[in-house]
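Visitor: Let's see this in three dimensions:
(chains A and B)
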Amino acid sequence: EAQVTQNPRYLITVTGKKLTVTCSQNMNHEYMSWYRQDPGLGLRQIYYSMNVEVTDKGDVPEGYKVSRKEKRNFPLILESPSPNQTSLYFCASSLLRTANYGYTFGSGTRLTVV
Amino acid sequence: AQKVTQAQTEISVVEKEDVTLDCVYETRDTTYYLFWYKQPPSGELVFLIRRNSFDEQNEISGRYSWNFQKSTSSFNFTITASQVVDSAVYFCALSEAGEETSGSRLTFGEGTQLTVNP
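Guide: Residues are numbered from 1 along each chain as shown, chains lettered A, B, ... in the order given. A predicted model of the protein is given here:
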């Protein structure tokens, strides 16, 4: 089944403890991206990648890192999480290097930082 | 810069009522794409429709219909004879065609929480 897989689905962590949210797609998609969803703000893009070893900042990149060493994987790294990073996170992918055909989204990761 | 506004934060209706969710967008491009996504209580994002800027025909899919009006920069979504299962957050989104190297992205509105009561 063609899909974007995120793990974990739920995560509670403490301030400052490094964590990684994994994202993998099995569709050979070029484009991958991370979004965060917060009440009243909709979804905002954190980082995106148009190809292996090519990543770029979205609208809210502060406090996050990403890497794209393989085409299928695009992990999101929080080196020192803070409570304001408590949010619902979505990984997304697209066949082409454009969002014009929409994205395939993962199921989401609900992160709580205490 | 592209922007999407969904002014209705929450809407509550009684089952079988019709309901319209508003979406207003801003873009400088003449070629762009508009989307609607549904987020049920389970949290996943479900694609509903994609429309390009050159196609202003309204679209109907079962109880769902979309009204695209370039003159008012709106892409409104109507659910006819709403059902409890329609309860969800609905997002409108915009993508500017741009150049491939610029890395076009989906810009989302704030979302509208629709509650359909029995």
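Visitor: so residue B:34 sits in a strand?
Guide: Yes. The assignment for residue B:34, made by DSSP: H, G, I helix; E, B strand; the rest coil, places it in a strand.
Visitor: can I assume residue A:31 is in contact with residue A:101?
Guide: No. Between residue A:31 and residue A:101 there is no contact under C-beta atoms under 8 Å: 9.8 Å. (Glycine included, C-beta is placed from N, CA and C.)
Visitor: Show me whatever sits in contact with both of the two.
Guide: Common neighbours of residue A:31 and residue A:101, using C-beta atoms under 8 Å, 6 or more residues apart in numbering or on different chains, are A:94-95.
Visitor: neighbour count winner among the two?
Guide: Set residue A:31 next to residue A:101 and count neighbours by other C-beta atoms under 10 Å in any protein chain shown: residue A:31 wins out with 25 against 14.
Visitor: so what's the nearest residue to that one once chain neighbours are set aside up against?
Guide: Excluding the flanking residues, the one nearest residue A:31 by C-beta to C-beta, 6 or more residues apart in numbering or on different chains is residue A:94, at 4.1 Å. Neighbour list for residue A:94: A:29-33, A:101-104 [criterion: C-beta under 8 Å, 6+ apart].
Visitor: and which of the residues you listed is nearest to residue A:7?
Guide: Closest approach to residue A:7 among the contacts of residue A:94 (C-beta to C-beta): residue A:32, at 15.1 Å.
Visitor: List the neighbouring strands of whatever helix or strand the closest one lives in plus their orientation.
Guide: Assessed by DSSP states H and E, residue A:32 sits inside strand A:31-38. Looking at strand A:31-38 with DSSP bridges, its partner strands are strand A:42-51 (antiparallel), strand A:87-94 (antiparallel).
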